[in-house]
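Student: turn this into a model:
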Amino acid sequence: MYLSKSSVIRNIGFVSTRFKGNDGVSLETAKWRTVLERMGYECFFFSGLSDWDADRSMVVEEAFFAHPVIQEIQDKSFGSTVRNEKLSGAIQSIRFKLKTALYDFVKQFKIDLLIPENALTIPMNIPLGLALTELIAETGIPTIAHHHDFSWERQRFSVNCVSDYLSVAFPPKLHSINHVVINSEARQQLSFRCGLSSIVIPNVLDFDTSPPEIDDYARTMRKDLGVGDDETLLLQPTRIVARKGIEHAIELASRLKDKKAKLLISHQERDEGSDYYSRTMEYAALLGVEVIIHSDIIGAERGLTETGHKKYSLNDCYLNADFVTYPSTYEGFGNAFLEALWFKKPVLVNRYSIFQQDIEPLAFDVVIMENYITNDAVNAVRVLLNNPVASNLLAERNFEIARKFFSYTLLEQRLRQALMNFGQL
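Tutor: Just a heads-up that it's a prediction; the model follows:
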């Protein structure tokens, strides 16, 4: 039986492997939190790694996908088709610990509704997914499962010895769960593969608020990164993983030698190993491109390093960028694309499948590439860099289109739709 005695939803519990840093799930969760709190709900957080409100959070180390025990389970679960009894035992042991903690979380914060953030979607932490599924099954607690990346969208999960667990919990088929996906392709695949209905809530930004102007704090960033006034700063606002297509941004920088282009990669996380990072740096060296990666002075927020040096935020990266590169081969939606539009920056984007289906029909004016950099794409970037007035007009138009289709207003409307399924207005 569900623990809460109230039929009215007041307290919402978000569950994820981490709430920290600039990863897409954390960023999108923060937006949902903002809108839900504006709607009058109280939000609380369960995760394995967190730098969010300590008084509203419960942190259990084994919920983090990079915890050593979880990482060992992952390594043994994928790439093989048979699992031994020891692996099953390890999964079940952690599942039980996490389920007990989740029960404590629901009780401590009087949670009326759960929102698992990708924890029932991509099997980065199998015990957490199983624990969540059992909790929901045993309590019937209203749940909105927010899906960002499914296992079938990642080749590395295709060979595994945990297909029984995947079919049970990634995602689960339970009557008290409303499923939310971030693009139309995911909705189709969820229906086709699992027989589950869902609603689409795309990634959003607060387009009803104007972006910040560059200030004195941010103005020193280019100098601290070694970028001269006569040099062009290209921003790759992503993690260093293969599907981000960073090699295309490097090639673009190489072909903009006349603009003295340098490439800044804002996110330092290498969640899928270091092989692609090494390959990317080697490729940049071959093409003579300076790639800037400064985890020491670039973080989630402004602040000071241990040595007292200024630390810059992702916002500062956008404010200082001359052009944004987004050559991803696959994205669940495209947070960085929306961020570039919000900061009114010109952007190069690869026509990944979700962009073609859900974004391109809205007629944004961006530089397009299709799987590789062409002379036309390079020339289009050069034209925008040489014509700031035209670039600004284009950016203003893109901002207005995004405000219509990807604002907090749309998010609130879609969340109300999801909550109405639980009898909430």
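Student: what is the burial count for the closest residue in space to residue 9 that isn't next to it in sequence?
Tutor: Spatially, and ignoring its direct neighbours in sequence, residue 9 is nearest to residue 112 (4.3 Å; Cβ to Cβ, 6 or more residues apart in numbering). No exception for glycine: its C-beta is placed from N, CA and C like everyone else's. Neighbourhood size, residue 112 [other Cβ atoms under 10 Å]: 24.
Student: roughly how far does residue 112 sit from residue 387?
Tutor: Separation of residue 112 from residue 387 (Cβ to Cβ, to the nearest Å) stands at 53 Å.
Student: without its sequence neighbours, what residue ends up closest to residue 353?
Tutor: Take residue 353 and drop its neighbours on the chain: the residue closest to it by Cβ to Cβ, 6+ apart is residue 185, 6.4 Å away.
Student: which helix or strand contains that neighbour?
Tutor: Secondary structure from DSSP states H and E places residue 185 in helix 184-194.
Student: what about the next helix or strand after that helix, average pLDDT?
Tutor: Downstream of helix 184-194, the next assigned helix or strand under DSSP H and E is strand 199-200. Regarding strand 199-200, the rounded mean pLDDT is 95.
Student: with stretch 401-419 instead?
Tutor: 95.
Student: distance from the chain centre to that stretch, please.
Tutor: 18 Å (Cα atoms, centre = their mean, to the nearest Å).
Student: what sits up against it?
Tutor: Stretch 401-419 is contacted from outside by 9, 31-32, 34-36, 38-39, 144, 178, 180, 199-208, 338, 341-342, 362-364, 425, using Cβ atoms under 8 Å, 6 or more residues apart in numbering.
Student: residue contacts, the residue nearest to residue 353?
Tutor: Contacts for residue 185 were tallied using Cβ under 8 Å, 6+ apart; they are 353-354, 357-358.
Student: what's near enough to touch residue 74?
Tutor: Residue 74 is in contact with 65, 124, 126, counting by Cβ under 8 Å, 6+ apart.
Student: please pick the buried ones from those.
Tutor: With burial judged by 16 or more other Cβ atoms under 10 Å, the buried subset of these is 65, 124, 126.
Student: would you format the residues you listed as a markdown table with secondary structure, distance to residue 399 and pLDDT included?
Tutor: Shown next, in a markdown table, are the buried ones among the contacts of residue 74 (DSSP: H, G, I helix; E, B strand; the rest coil; distance: Cβ to Cβ, whole Å; pLDDT from 0 to 100):
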| residue | secondary structure | distance to residue 399 | pLDDT |
| --- | --- | --- | --- |
| 65 | coil | 35 | 96 |
| 124 | coil | 34 | 96 |
| 126 | helix | 41 | 98 |
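Student: pick the one among those closest to residue 328.
Tutor: Proximity to residue 328 was ranked across the buried ones among the contacts of residue 74 by Cβ to Cβ; first place goes to residue 124, at 19.2 Å.
Student: residue 13 versus that closest one, what's the distance?
Tutor: Noted for residue 124: a distance of 19 Å to residue 13, by Cβ to Cβ.
Student: repeat for residue 363
Tutor: Taking Cβ to Cβ as the measure, residue 363 falls 39 Å from residue 13.
Student: tell me which of those two has more neighbours.
Tutor: Applying other Cβ under 10 Å to residue 363 and residue 13 shows that residue 13 carries more neighbours, namely 25 against 9.
Student: checking that one next. Helix, strand or coil?
Tutor: Secondary structure, DSSP: H, G, I helix; E, B strand; the rest coil: residue 13 is strand.
Student: you'd agree it is up against residue 42?
Tutor: No - using Cβ atoms under 8 Å, residue 13 makes no contact with residue 42, being 9.7 Å away.
Student: ok, residue 313 - contacts?
Tutor: Neighbour list for residue 313: 298-302 [criterion: Cβ under 8 Å, 6+ apart].
Student: could you list the low-pLDDT ranges of the protein?
Tutor: Where the chain drops to pLDDT under 70, the residues are 1-6, 269-273, 424-425.
Student: quick one: contacts of stretch 87-107?
Tutor: Applying Cβ under 8 Å, 6+ apart, the contact partners of stretch 87-107 are 3-4, 13, 15, 44, 46, 58, 60, 62-63, 69-70, 72-73, 76-77, 111, 114, 126-128, 130-132, 134-135, 139, 141, 161-162, 165.
Student: any of the residues you listed buried? List them.
Tutor: Buried residues within these, defined by neighbour count using 16+ other Cβ under 10 Å: 4, 13, 15, 44, 46, 58, 60, 62-63, 70, 73, 76-77, 111, 114, 126-128, 130-132, 134-135, 139, 141, 161-162, 165.
Student: so what's residue 233 up against?
Tutor: 222, 225, 227, 261-262, 264, 320-323.
Student: just the buried residues of stretch 225-245, please?
Tutor: Within stretch 225-245, the residues that count as buried by 16+ other Cβ under 10 Å are 225, 227, 232-245.
Student: ok, so of the residues you listed, who is nearest residue 214?
Tutor: Set against residue 214, the nearest of those by Cβ to Cβ is residue 233 (12.5 Å).
Student: make sure that closest one is indeed in a strand.
Tutor: Yes - counting by three-state DSSP, residue 233 is found in a strand.
Student: of the contacts of residue 313, which is the most crowded?
Tutor: In the contacts of residue 313, the most neighbours by other Cβ under 10 Å go to residue 298, 23 neighbours.
Student: for that residue, what are phi and psi?
Tutor: Dihedral pair for residue 298: phi -120, psi 120, per degrees, to the nearest 10.
Student: identify the bridge partners of it.
Tutor: residue 312 (DSSP bridges).
Student: from residue 268, how far out is it?
Tutor: In this view, residue 298 and residue 268 are 8 Å apart by Cβ to Cβ.
Student: got it, and residue 240?
Tutor: 7 Å.
Student: now swap in residue 313 and tell me
Tutor: Taking Cβ to Cβ, one finds residue 313 at 13 Å from residue 268.
Student: since that was my last question, I'll sign off now.
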